[in-house]
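A.B. asks: quick one: sequence plus predicted model below, questions after.
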Amino acid sequence: MSYTQYLISPDRRINADVSPVATDFTGDGVPDLRTVAPAGVVTAYVVSERSATGAARLTASAPQALA
């Protein structure tokens, strides 16, 4: 098994109160990110434009409350 590490952002900060999870919810073979806040608010971040020389792009979806 092998992997390639990609920089998402040199200054991305995630609030300590959220739980980040890596999962491929777009089905493109690239792990995306999902955060869940203590209040049950979920935000999905699609990872794209990966590069060995620069940061990847994160596109946030609209936050959604868990029912």
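C.D. replies: Thanks, I have the structure now.
A.B. asks: so who does the closest residue to Ala37 other than its chain neighbours touch?
C.D. replies: In this structure, Ala37 finds its nearest non-sequential neighbour in Val18, 5.0 Å apart by Cβ to Cβ, 6 or more residues apart in numbering. All C-beta spots, glycine's among them, are computed from the backbone N, C-alpha and C. Val18 makes contacts with Thr35, Val36, Ala37, Pro38, as judged by Cβ atoms under 8 Å, 6 or more residues apart in numbering.
A.B. asks: lowest mean pLDDT among the helices and strands, pick that one out for this protein.
C.D. replies: Ranked by mean pLDDT, DSSP states H and E, the weakest helix or strand in the chain is strand 19-23, scoring a mean of 83.
A.B. asks: quick one: contacts of it?
C.D. replies: Contacts with strand 19-23, where a contact means Cβ under 8 Å, 6+ apart, come from Ile14, Pro31, Asp32, Leu33, Arg34, Thr35, Val36.
A.B. asks: check stretch 37-52 too.
C.D. replies: 4, 6, 8, 15, 17-18, 25-26, 30-36, 56-66.
A.B. asks: same thing but 6 Å
C.D. replies: Applying Cβ atoms under 6 Å, 6 or more residues apart in numbering, the set of residues contacting stretch 37-52 from outside is 6, 17-18, 26, 30, 32-36, 56-61, 63-66.
A.B. asks: are any of these buried, and if so which?
C.D. replies: For the contacts of stretch 37-52, a burial check counting by 16 or more other Cβ atoms under 10 Å picks out Asp32, Leu33, Arg34, Thr35.
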